[in-house]
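K.L.:
kindly return the folded structure for what I paste below:
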Amino acid sequence: MFIFGNLILAIANILDIVLSVYMWVVIIAALISWVSPDPYNPIVRFLYSVTEPVFRPIRRLIGFRLGPIDISPMIVILAIIFIRRFLISSLIEFGYKLKGGALL
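P.N.:
Predicted coordinates:
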């Protein structure tokens, strides 16, 4: 069972890293949206293509209820924090229980 525990721990660590990187991408995209970036810039296009599929359903669901302020990046960041605190932590604890070792 320790092999399955190590697999769960590895998956949890990789998910944690991916979510951390994506959270920074969301923060950078939100900061860049405050200025008028060149829409043909490859970095701006990358940020838009990575974040817009996540922002779009949130914008459709809540709309712009705070006037011109777009709170979809904040909701995505809060969701990422929740997933990291709940799901990733639970996976790590489950992985250690499967290994039979002490929780660190």
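K.L.:
C-alpha from now on. contacts and neighbour counts both.
P.N.:
Will do.
K.L.:
now for the longest helix along the chain, which elements pack on it?
P.N.:
For the chain, the helix with the greatest residue count under DSSP state H is helix 2-32. Judged by 3 or more C-alpha pairs under 8 Å, 6 or more residues apart in numbering; DSSP states H and E, the packing partners of helix 2-32 are helix 42-62, helix 72-83, helix 89-99.
K.L.:
off-centre distance for that helix?
P.N.:
Centroid separation for helix 2-32 versus its chain: 7 Å, with C-alpha atoms, centre = their mean, to the nearest Å.
K.L.:
output the below-cut-off pLDDT ranges for the chain.
P.N.:
Within the chain, the set of residues satisfying pLDDT under 70 comprises 64-65, 101-104.
K.L.:
returning to what we had before: any idea which of the helices and strands packed on helix 2-32 gets closest to Trp24?
P.N.:
Trp24 lies closest, by C-alpha to C-alpha, to one member of the helices and strands packed on helix 2-32: helix 72-83, at 9.0 Å.
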